[in-house]
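>>> dropping the sequence and predicted coords here.
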Amino acid sequence: MLRRILSGLAVAALAAACSADTMAPLSEEAMLAQDAQIIAQQVGAATGTTHERWFERLRDTLRTTDDPEARAFMEQSRAYRDSAQRAFEAGDREAARRYYHLAFRAMLSAVVELFPNAPARTGAAVDQAVARIEEHLGTREAPRIRAVLMHVRDLRNQADIALASGEPVTALAINLRAMQILHRLVEHIRDAHRDHDAVADSEMESVAY
């Protein structure tokens with residue numbers, strides 16, 4: 001019930017903010033968004049909890065650690081990416097997107113295999129970034145930023161539920177999505193993205209590894 005209530009509030013706030021006149025002055029909020037994005041990027045860099053850093057750590061670890069399950073997930077990920085490339089070359093963009101998504105999930109499975117605390121660490125980093133951004137905003141009006149932060153908090157709720165339900169890969173994927181949204185906050189505010197999740201997932205899944 002709590003999850004549904006939070007989801008409903010997040011969707012309502014997000015819709016209201018995104019339906020606002022996009023021609024309205026954004027200068028002050030744009031500056032606040034830039035500050036907030038920098039805060040999130042600083043937290044991500046300090047904690048090493050971005051998707052790029054987890055993949056780097058995965059590659060570095062597998063150079064010296066023989067974990068058959070993690071290696072199997074990586075091989076599966078490569079196979080999915082090869083399928084995605086073939087689908088893209090054939091003009092089937094929908095199939096390509098599905099394969100890229102599967103490749104990303106397989107890589108996250110390898111991360112969780114080697115670093116079981118990755119979901120919790122990433123979630124904690126997102127919470128830290130949100131808290132610091134809200135402190136920076138203070139009482140200033142920033143409806144678009146606050147709508148995105150509400151959405152991020154809803155994602156964190158979903159991730160915690162997934163982790164408690166024994167789905168660490170899903171939890172990590174959601175937490176990384178939340179972090180990616182914060183790391184691109186200026187673009188999400190400036191371009192009035194309606195589907196923050198799809199934009200973030202596309203950005204992460206397109207990264208070559």
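Received, thanks. Numbers count the residues shown, from 1 in each chain.
>>> low-confidence regions, the protein specifically.
For the chain, the stretches flagged by pLDDT under 70 are 1-26, 208-209.
>>> can you tell me the element the most centrally placed residue in it falls in?
In the chain, the residue lying closest to the centroid (Cα atoms, centre = their mean) is residue 177, at 1.2 Å. Element membership for residue 177, per DSSP states H and E: helix 168-183.
>>> hmm, who's touching the helix or strand that contains residue 54?
Taking DSSP H and E as the definition, one finds residue 54 inside helix 51-62. With contacts defined as Cβ atoms under 8 Å, 6 or more residues apart in numbering, helix 51-62 is touched by 44, 48, 70-71, 74, 107, 110-111, 114-115, 118, 122, 176, 179-180, 204, 207, 209. All C-beta spots, glycine's among them, are computed from the backbone N, C-alpha and C.
>>> make a PyMOL selection of the buried ones in those.
This is how PyMOL selects the buried members of the contacts of helix 51-62, with burial counted by 16 or more other Cβ atoms under 10 Å:
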select buried, resi 44+70+74+107+110+111+114+115+118+122+176+179+180+204
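>>> and the next element down the chain from the helix holding residue 54?
With DSSP H and E, the next secondary element past helix 51-62 is helix 68-89.
>>> packing partners of that next one?
Other helices and strands packing on helix 68-89, by 3 or more Cβ pairs under 8 Å, 6 or more residues apart in numbering; DSSP states H and E, are helix 51-62, helix 93-114.
>>> so which bits of the shortest one are buried?
Neighbour-count burial for helix 51-62 flags 51, 54, 55, 58 (criterion: 16+ other Cβ under 10 Å).
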